[in-house]
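# Need a 3D model of the sequence below.
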Amino acid sequence: MSVGGPATAELEDVTAFIQSAKRWGTPVSGPDFVSTHSYPTDACNAQPDARTQLDCFTDGIIAARQQAAGHTFLLTEFNCGWRNTAIHDGESHAYAASFMFRTVEKLAPHNISALSWWTFSSIFEEGSLPPNEFGPFGANSALQTVHGVPLPIYRGFQLLAHAGDEILPGAVRGKKNGE
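Below you'll find the model as predicted:
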């Protein structure tokens, strides 16, 4: 049984939903999982310091994950924030790939069973085809264009898929303390 989805959208009410399911006689147990979805444009962009609080998005997911402790947890939709040029250059550009890498790295230690990027193709039920495939928002958050041209986010996932599952510590070398 899947518990969550639209009822827990935007990482809202995960605990309340699990408790309600228990009260209704359908407790989340065994092979059941809790699912939710979130975008940085949901809550983080409402903050006045959205451009400087880089962990706002992942912190929210981690908090929701903690509410579902003991259950398999799936983030069934996420991306870098649909149509938000105030924060970045758009989902069809390089920002999406760098956002994905940072998000995966931050969430890796938190036992999240699935991260599903929204959406694979620009052909989906929520709107018409993009009028300009490579123009502003031309791919509508997709991994590839309507004609199958891989976008930077597609290539980012491709690199990640071939990277393996070991995370190595890294260090930044260079100037210290403003030198």
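# show me what contacts Phe101?
Residues in contact with Phe101 (Cβ atoms under 8 Å, 6 or more residues apart in numbering) are Gly156, Leu160. For glycine as for every other residue, the C-beta is placed from the backbone atoms N, C-alpha and C.
# can I assume it sits in a helix?
Yes: under DSSP: H, G, I helix; E, B strand; the rest coil, Phe101 falls within a helix.
# For stretch 54-62, buried residues please.
Neighbour-count burial for stretch 54-62 flags Cys56, Phe57, Thr58, Gly60, Ile61, Ile62 (criterion: 16 or more other Cβ atoms under 10 Å).
# Strands of the chain, start to end?
Assignment of strands within the chain using DSSP state E yields the ranges 2-4, 33-37, 72-78, 114-117.
# Restricted to helices, list the buried residues of stretch 54-62.
Among those, the ones falling in helices (DSSP state H) are Cys56, Phe57, Thr58, Gly60, Ile61, Ile62.
# Of the buried residues of stretch 54-62, which pair is most distant in space?
Spanning the widest gap among the buried residues of stretch 54-62 are Cys56 and Ile62, at 11.1 Å by Cβ to Cβ.
# just to revisit the earlier point, out of the buried residues of stretch 54-62, which one sits closest to Ala16?
Gly60 (15.9 Å).
# Most tightly packed of the strands of the chain?
Mean neighbours per residue, mean count of other Cβ atoms under 10 Å, is largest over these for strand 33-37, with a mean of 23.
# Can you tell me which of the buried residues of stretch 54-62 comes closest to Pro169?
Thr58 (18.4 Å).
# what would the strands of the chain look like in JSON lines with distance to Tyr154?
Output for the strands of the chain, formatted as JSON lines (distance: least, Cβ to Cβ, whole Å):
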{"stretch": "strand 2-4", "distance to Tyr154": "27"}
{"stretch": "strand 33-37", "distance to Tyr154": "20"}
{"stretch": "strand 72-78", "distance to Tyr154": "15"}
{"stretch": "strand 114-117", "distance to Tyr154": "9"}
